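> What follows is a predicted structure for the sequence shown.
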Amino acid sequence: MARERLYKVLQTNGLCYHGGTREWSLPTRNEDGTWTPGEWMPAIVGELVPCKNGYHLCNAAQLLAEWLGPAIFEAEYRGDRVDANDKCVVREARLLRRLKWDERVARLFACDCAERVLPLYEERYPEDKRPRQAIEAARRFANGEATYEELAAAWAAAWASDWASAWASDWASAWASAWASAWASDWASAWASDWASAWASDWASAWASDWDAEREWQVDRLVQYLEGEVSDGEATED
């Protein structure tokens, strides 16, 4: 059986991001590309209680739904473990390696997600390409191929389109949530848990029958980025 892959989200310097006060021992990358894990964190004393006592890790689906942030590490644990709905709580943990996640990757992943909702809009407004052009501008901006002014102009054009009148619909809210992540200058706050929650609920309303498959796609795509299997945010196929 394959080893369960778990993740820890921190600030880039190893300090906690989603709460807590500990500074984690960071892994180091070797010259040959391999990683030397960080030190095991001190064992937690007492009962493990989610959000109160223990080291908190998550799987890929939980990571997407709740815990994205500045730096994402693969982690492992030993000893006791308690599972909650959106995390697991363990007595001892360490970081194995830092994964490929930064502002650029976050923007590209958001573009991928937003792009997959475009057919819902373009089916209603087939002649209006401004939302698509806005995503393309965000992708170019992430890759250093467009200026902030170009990104702002594309954003303004998208909001001047028929898209704005369709805003009240569920799918529009879903698209906006993803696009906001691609647009935001403060990417970390754009990727807070509210983003994923809004995306999840609105997408489910729009495409309830396809929700599970779409969510699986999102998780798989995120893991591809984290593992460096996707690097330039190329357009995706269904």
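Okay, I see it.

> just the helices in this structure please.
Under the criterion DSSP state H, helices of the chain are mapped to 60-62, 103-124, 130-142, 148-160, 170-183, 187-190, 193-206, 211-226.

> Also compute the angle for the last one relative to helix 103-124, please.
For helix 211-226 and helix 103-124, the angle between their directions (axes from the mean of the first three to the mean of the last three C-alpha atoms, to 10 degrees) works out to 150 degrees.

> gap between helix 211-226 and the chain center?
In terms of C-alpha atoms, centre = their mean, to the nearest Å, the centre of helix 211-226 is found 10 Å from the chain centre.

> for the first one, same thing?
Per C-alpha atoms, centre = their mean, the displacement of helix 60-62 from the mean C-alpha position of its chain is 10 Å.

> Show me which residues of it are buried.
By 16 or more other C-beta atoms under 10 Å, the buried positions in helix 60-62 come out as 60, 62. Using the backbone N, CA and C atoms, a C-beta is placed for each residue, glycine as well.

> so what does that helix touch, helix or strand wise?
helix 211-226 (3 or more C-beta pairs under 8 Å, 6 or more residues apart in numbering; DSSP states H and E).

> Give me the helices and strands touching the helix it packs on, please.
Helix 211-226 sits against helix 60-62, helix 103-124, helix 193-206, with contacts defined as 3+ C-beta pairs under 8 Å, 6+ apart.

> mean pLDDT for those: which is lowest?
Comparing mean pLDDT over these, the weakest stretch is helix 193-206, at a mean of 40.

> Would you map out the domains in this structure?
As given by automatic domain parsing, the domain ranges for the chain are 6-98, 103-223.

> Mind checking these for the one nearest to V230?
Nearest to V230 among the domains of the chain is domain 103-223 (7.4 Å), distances taken as C-beta to C-beta.

> what about the closest one, how long is it end to end?
Domain 103-223 has an end-to-end distance of 16 Å (C-alpha to C-alpha, to the nearest Å).

> ok, now stretch 91-106?
End-to-end span of stretch 91-106 (C-alpha to C-alpha): 30 Å.

> Same question for it: list its buried residues.
Of all the residues in stretch 91-106, those buried under the rule 16+ other C-beta under 10 Å are 91-99, 101, 103-106.

> Any idea how far that stretch is from the middle of the chain?
Distance, centroid of stretch 91-106 to centroid of chain: 12 Å (C-alpha atoms, centre = their mean).

> Then stretch 134-145?
Per C-alpha atoms, centre = their mean, the centroid offset for stretch 134-145 relative to its chain is 18 Å.

> circling back to that earlier point, need the domains of the chain in a markdown table (columns: distance to V230).
Shown next, in a markdown table, are the domains of the chain (distance: least, C-beta to C-beta, whole Å):
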| stretch | distance to V230 |
| --- | --- |
| domain 6-98 | 15 |
| domain 103-223 | 7 |
